[in-house]
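Student: Following is a predicted model, sequence given first.
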Amino acid sequence: MSKSIELPDSVYDALIDAAQASGTTPIDWIAARVSAPTNGLRGNGSHPPATLGDLLKNKIGVYRSGKPSKTSERAKELFGECLEQKRQERLR
């Protein structure tokens, strides 16, 4: 079953612009926002992206050198290491 709604021209035009900018259809653009997590970030599926690279996937180019690096892919690990280092400094 399908339903319809009326939108003011300005809202419809903004919807079309947003969908085109996201590379999707207006229907898919709306569906993604209606079922999006509350933090406003959306990855593949219904979960927020794990990394900045996941968030920006298909929006901008992503380069992977194949070498371990200190990028957003290790943000949680690096943050934890930083907190542990500060904790150790306070214990000295």
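Tutor: Cool, the structure landed. Numbering: from 1, shown residues only.
Student: Point out where the protein drops to low pLDDT.
Tutor: 36-53, 61-73 (pLDDT under 70).
Student: For it, which segments count as helices?
Tutor: For the chain, applying DSSP state H gives helices covering 9-22, 26-34, 52-56, 75-91.
Student: Rebuild these as TSV, extending it with mean neighbour count and distance to residue 2.
Tutor: C-beta here means a position set from N, CA and C on the backbone, and glycine is covered the same way. Converted to TSV, the helices of the chain look like this (neighbours: other CB atoms under 10 Å; distance: least, CB to CB, whole Å):
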stretch	mean neighbour count	distance to residue 2
helix 9-22	12	17
helix 26-34	13	10
helix 52-56	15	31
helix 75-91	10	42
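Student: For residue 3, find the nearest of those.
Tutor: helix 26-34 (11.9 Å; CB to CB).
Student: tell me the angle that closest one makes with helix 9-22.
Tutor: 90 degrees (axes from the mean of the first three to the mean of the last three CA atoms, to 10 degrees).
Student: Show me what helix 26-34 is packed up against.
Tutor: Helices and strands touching helix 26-34, by 3 or more CB pairs under 8 Å, 6 or more residues apart in numbering; DSSP states H and E, are helix 9-22.
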